[in-house]
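1. need coordinates for the below:
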Amino acid sequence: MSVAEKTVQALNVIKRLDLNNIVSVTTDQIGPPKIQVNNLSDLKGLELSEEVFQDGCKRISTVVDGVLVFGVMLSERYLASAPF
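-> Predicted structure coming up:
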C-alpha cells in the first residue's frame, strides 16, 4: 500500500475522532498508519491492547479500519524523572 493510500485510510478514521484530541498522525512506508490521541476517551468501547514499557509508561492501542489508534499513559516514575 502506498503512502498516499495510507493517508486516505488515516483520514477516514480521523473523521470519527475528536480533532482536538489528536496529537499526531504518521503515515510512512513501514507499518500501518498511526494516530496518537491525547485522551483515551476516543478509544472507549473498542477492544484495546496494552503494552507496558520498562519505565512503567503504557501504550493503549486498537486498530480501526487498518489504522493503529493509540494513547500513552505516563507513569508516576517517568513523570518524577522527566526533565520538564
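
2. quick check: which element contains the residue nearest to the spatial centre of the chain?
-> Centroid-nearest residue in the chain: residue 70, 2.3 Å away (criterion: C-alpha atoms, centre = their mean). Using DSSP states H and E, residue 70 maps to strand 67-73.

3. could you do residue 46 as well?
-> Here residue 46 is assigned to no helix or strand, by DSSP H and E.

4. what does residue 28 give?
-> Using DSSP H and E, residue 28 sits in no helix or strand.

5. just to revisit the earlier point, list of residues touching the strand holding residue 70?
-> Here strand 67-73 makes contact (C-beta atoms under 8 Å, 6 or more residues apart in numbering) with 9-10, 12-13, 17, 31-40, 42-43, 57-63. C-beta: built from backbone N, CA, C; applies to glycine.

6. now, which of these lie within strands?
-> Mapping the contacts of strand 67-73 onto strands (DSSP state E) picks out 34, 35, 36, 37, 58, 59, 60, 61, 62, 63.

7. can you select the buried ones from those in PyMOL?
-> Those of those that count as buried under 16 or more other C-beta atoms under 10 Å are selected in PyMOL with:
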select buried, resi 34+35+36+37+60+61+62
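
8. in TSV: the ones in strands among the contacts of strand 67-73, plus pLDDT and distance to residue 51.
-> Converted to TSV, the ones in strands among the contacts of strand 67-73 look like this (pLDDT from 0 to 100; distance: C-beta to C-beta, whole Å):
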residue	pLDDT	distance to residue 51
34	96	13
35	96	16
36	95	14
37	95	15
58	93	7
59	93	5
60	94	8
61	95	7
62	94	12
63	95	13
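
9. reformat the ones in strands among the contacts of strand 67-73 as CSV; add distance to residue 48.
-> Output for the ones in strands among the contacts of strand 67-73, formatted as CSV (distance: C-beta to C-beta, whole Å):
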residue, distance to residue 48
34, 15
35, 14
36, 14
37, 12
58, 10
59, 10
60, 5
61, 7
62, 5
63, 10
